[in-house]
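# Based on what follows, work out the 3D shape:
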Amino acid sequence: MIPYINRLRAKYQMSEREFLEGPRERWREFIFSFKVWGEFIKGYRVLHFIGPCVTVFGSARFKEDHFYYQEARKMGARLSDLGFAVMTGGGPGIMEAANRGAFENNGKSIGCNIQLPFEQKENPYLHKWVDFRYFFVRKTLLIKYSYAFIIMPGGWGTMDELFEALTLIQTGKIENFPVIIFGKEYWKNLCELIDDMVIKGAVSASDLDHLLITDSVEDSILHIKKNSIEKFGLKKGKRIRPSRILGEWIFRKRTAAG
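Numbering: from 1, shown residues only. A predicted model of the protein is given here:
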């Protein structure tokens, strides 16, 4: 029976790449939908219980001695001072730096790690993390639990995450949470393009009300205080508790001792 199940599983196994290539057999699409549902449930079982988050996006390629790594590390520490859990994509580079800042400051450090062909491994500065196969599930959950988004220097993925957040805010799919673009010189050309979009009428000037472009960690923190904590009345208090009946107390966790 087990070999038959394994053969059936292999037959209907579908990667994200195959799914996005177009229509497949109805049964394979059905099975894939259940896998996506399972990934969301896996995320819910961990992320529902961590309290308000701020998500930090940025490049996986910057090393520890890089200026923006150090700034992201400071950012993570200061966000934890505000009482936020610091959430990232769970990988190296800027993600590691932000998690590290929170971790070393005794704050909550959370990762949503993506499984890639070259096997991106979660960074060592996470208290809790979830591994995802599908980018679109991971990106949804990185946004779902956050009250602000910090865009550190990065590449294609970081730009994708920036415009995802801006689009959801613009269309009213999420609240008017603050979005911080960190690194004026790095993002200079992109910011000029955004200004040109406003001039050309493709974007309304009011769509930029929640947007801060800065080089300052402290200005970022003040912006979040005003536009997240004060605006939405966030308070340290009662959290949703895991259910032992549903097995929700089981999660992967790393302590400061390793």
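# what's near enough to touch the residue nearest to Arg61 when sequence neighbours are not counted?
Excluding its sequence neighbours, the residue lying closest to Arg61 (CB to CB, 6 or more residues apart in numbering) is Gly93, at 5.4 Å. Every residue, glycine included, has its C-beta placed from N, CA and C. Residues in contact with Gly93 (CB atoms under 8 Å, 6 or more residues apart in numbering) are Gly58, Ser59, Ala60, Arg61, Phe62, Lys63, Tyr69.
# same thing with Val217?
Contacts of Val217 by CB under 8 Å, 6+ apart are Glu71, Lys74, Met75, Arg78.
# which pair in those residues spans the largest distance?
Across the contacts of Val217, the longest distance by CB to CB is 10.5 Å; it joins Glu71 and Arg78.
# Counting neighbours, go ahead and name the busier of those two.
Glu71 (23 against 20; other CB atoms under 10 Å).
# immediately after whichever helix or strand the more buried one is part of, which helix or strand?
If you go by DSSP states H and E, Glu71 is part of helix 67-81. Using DSSP H and E, the next helix or strand after helix 67-81 towards the C-terminus is strand 85-88.
# which parts of the next helix or strand after that following strand are buried?
Following strand 85-88 in sequence order, the next helix or strand is helix 94-104 (DSSP H and E). Across helix 94-104, burial judged by 16 or more other CB atoms under 10 Å covers Ile94, Met95, Glu96, Ala97, Ala98, Asn99, Arg100, Gly101, Ala102, Phe103.
# Run through the residues that contact the fourth one.
Right, Ala97. Applying CB under 8 Å, 6+ apart, the residues near Ala97 are Gly58, Phe62, Glu64, Tyr68, Tyr69, Gln70, Glu71, Ala72, Arg73, Gly76.
# Now which of those residues would you call buried?
Buried among the contacts of Ala97 (16+ other CB under 10 Å): Gly58, Phe62, Tyr68, Tyr69, Glu71, Ala72, Arg73, Gly76.
# now the first one: how far from Met75?
Computed as CB to CB, to the nearest Å, the Gly58 to Met75 distance reads 10 Å.
# Next: the fourth one.
Separation of Tyr69 from Met75 (CB to CB): 11 Å.
# for the stretch 151-258 of the chain, what spans make up the helices?
156-170, 188-200, 217-224, 231-232 (DSSP state H, counting those that start in this stretch).
# For those helices, give me JSON lines that also has mean pLDDT and distance to Asn123.
Output for these, formatted as JSON lines (pLDDT from 0 to 100; distance: least, CB to CB, whole Å):
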{"stretch": "helix 156-170", "mean pLDDT": "96", "distance to Asn123": "16"}
{"stretch": "helix 188-200", "mean pLDDT": "97", "distance to Asn123": "26"}
{"stretch": "helix 217-224", "mean pLDDT": "97", "distance to Asn123": "20"}
{"stretch": "helix 231-232", "mean pLDDT": "83", "distance to Asn123": "29"}
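# With that, I have no additional questions.
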